[in-house]
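Participant: Just to be clear, the model below is a prediction. Sequence and coordinates:
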Amino acid sequence: MLDIKLIRKDPNAIEKKLKTKDPSVSIQKIVDLDQNIREIKTKLEQLKAHRNEISQKIGDLKRQSKDVTDLMNTVSSMAEEIHSLDHQIGPMEEQYTALMSSLPNIPMDDIHISQDPKDNVVIKEFGKKPQFNFPFKNHLELNEKLDLFDFKRGAKIAGTGWPVYRGLGARLEWALLNYMIDIHIKNGFEQWMPPALVKRDVMYGSGQLPKFENQQFKINDADYHLYLIPTAEVPLNALHSDEILSEEELPLKYIAYTPCFRREAGAAGSQERGLIRVHQFNKVEMFAFTTPEKSMELFDLMMKSAAEILEGLGMHYRNVLLVTGDMSFASARTVDVEVWLPGQNRYYEVSSISNCTDYQSRRSRIRFKTKDGKTEFVHTLNGSGLATSRLMVGLLENNQNADGSVNIPKVLQKYLGGIDKLIPLR
């Protein structure tokens, strides 16, 4: 959530910045509500103070056995006005909170302004696209003889978009997860294992609600009102909600492996089949709490940790700084890490690293006490480190051989008992 003080200071400038992210944004209602609420609160404070003065005077006069009828009538009239104003301000504050919650984070000043993802800026490339001297296959065609996944049985269990990993497919997925966790721990991140189901206020705190309500899977019955997490960012952000940390303990650098659940699986086209876009996928998430001064330092660390994973795998990838209109709702700065998938003939995101500044911490009430005793909101950052489903596609398609076998990167072999190649079973 944004700091209302920024809006009060220069509403036109803030609205202009927000429109670079979402052209439909308008903050005039917020400005008006904020003004009205503050006026009513001021009037309430004055009325209550005046009522207390009169009540004290009534007490003094009663002790002197003097008539207080008129003063009692005045207090009664004031009580009715106070009750009326309290009743009036409640709905206004609810509307104000809802409108404030609908505003995205403000993009950093150096982010390119555009609503077109085609204007995203490539800031780094590693390696080169693989060249094949044989007709290469996509991951679904490779799977026909490798039997790493079973999409038909997954559909039988849960419907389309819910893959089942089997045999060496399951083992390779687990190898990827362990490899990534080891890299992050080496780089100073602490591993957590959070729940995959969270409360509504936890989803709100990370910025998933109310805007993205329709994209979530949820349990809503007599006993439970919980959401399946779309990313471990959600529970990791909530670990320190309603807490005041000390500056000395920051930054806090966390990682967590979780399954992730998303309703918006996209259109089922030729380039969105198999593992490209699914309802459930595995991901190792990086998350950090830090002071505003060290915010970008943590952002760079997350970038380096994601890069180390991909470079260890020998994957060709690129880093893309997103334009204002392509950034996530809560982010002030986002870089997508994209790998080249030959079978799709395009790049696909395997990580999105975002600096959310104090947007999530305001919603979750996460603060820190500075060395001089002041209390400020922390900055939060998150980044996939990495999402495995598309990374698995990249490993298979980029490392395939003419006979349908797939070479396993050396960094993964120790997690697979020394297996260095996937051999077709038929």
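Facilitator: Perfect, I can see it now.

Participant: Give the residue spans of the stretch 1-150 of the chain that score low on pLDDT.
Facilitator: Within the stretch 1-150 of the chain, no stretch has pLDDT under 70.

Participant: for the helix or strand L176 falls within, packing partners?
Facilitator: Here L176 sits within helix 167-186, counting by DSSP states H and E. In terms of contacts (3 or more C-beta pairs under 8 Å, 6 or more residues apart in numbering; DSSP states H and E), helix 167-186 is packed against helix 139-146, strand 190-192, strand 252-261, strand 280-290, helix 295-312, strand 379-387, helix 388-398, helix 410-413. For glycine as for every other residue, the C-beta is placed from the backbone atoms N, C-alpha and C.

Participant: Kindly recompute the last result at 7 Å.
Facilitator: strand 252-261, strand 280-290, helix 295-312, strand 379-387, helix 388-398, helix 410-413 (3 or more C-beta pairs under 7 Å, 6 or more residues apart in numbering; DSSP states H and E).

Participant: For the spatially closest residue to L416 that is not a sequence neighbour, give me its contacts.
Facilitator: Counting by C-beta to C-beta, 6 or more residues apart in numbering, L416 lies nearest to A175, which is 5.3 Å off, once chain neighbours are set aside. Contact analysis of A175 by C-beta atoms under 7 Å, 6 or more residues apart in numbering lists 412, 415-416.

Participant: Tell me which residues touch K57, please.
Facilitator: Counted by C-beta under 7 Å, 6+ apart, K57 has contacts L71.

Participant: Please report phi then psi for it.
Facilitator: phi -70, psi -40 (degrees, to the nearest 10).

Participant: got it, and F217?
Facilitator: With angles defined as degrees, to the nearest 10, F217 sits at phi -90, psi 140.

Participant: And it, how far from F151?
Facilitator: 20 Å (C-beta to C-beta, to the nearest Å).

Participant: higher neighbour count, those two?
Facilitator: Shown here are F217 and F151; by other C-beta atoms under 10 Å, F151 has more neighbours (18 against 15).

Participant: Could I get the contacting residues of I181?
Facilitator: Neighbours of I181 in contact, by C-beta under 7 Å, 6+ apart: 191, 255, 257, 284.

Participant: would TSV of those with neighbour count be doable?
Facilitator: Listed next are the contacts of I181 as TSV, based on neighbours: other C-beta atoms under 10 Å:
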residue	neighbour count
Q191	13
I255	25
Y257	20
V284	29
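
Participant: Among these, which one lies nearest to V378?
Facilitator: I255 (17.8 Å; C-beta to C-beta).

Participant: Identify the bridge partners of the closest one.
Facilitator: Beta-bridge pairing of I255 under DSSP bridges involves Q191, M286.

Participant: Now the terminal residues of stretch 197-215, how far apart.
Facilitator: One end of stretch 197-215 sits 15 Å from the other (C-alpha to C-alpha, to the nearest Å).

Participant: That should have said stretch 323-335, apologies.
Facilitator: End-to-end distance (C-alpha to C-alpha), stretch 323-335: 9 Å.

Participant: same check, this time on stretch 101-114
Facilitator: First-to-last distance for stretch 101-114 - C-alpha to C-alpha - comes to 23 Å.

Participant: Any buried residues in it, and which?
Facilitator: 103-108, 111, 114 (16 or more other C-beta atoms under 10 Å).

Participant: try stretch 292-308
Facilitator: 295, 298-299, 301-303, 305-308.

Participant: about what we covered before: quick one, which of the helices and strands packed on helix 167-186 is packed in tightest?
Facilitator: Per residue and on average, the most neighbours among the helices and strands packed on helix 167-186 fall to strand 379-387, with a mean of 28 (mean count of other C-beta atoms under 10 Å).
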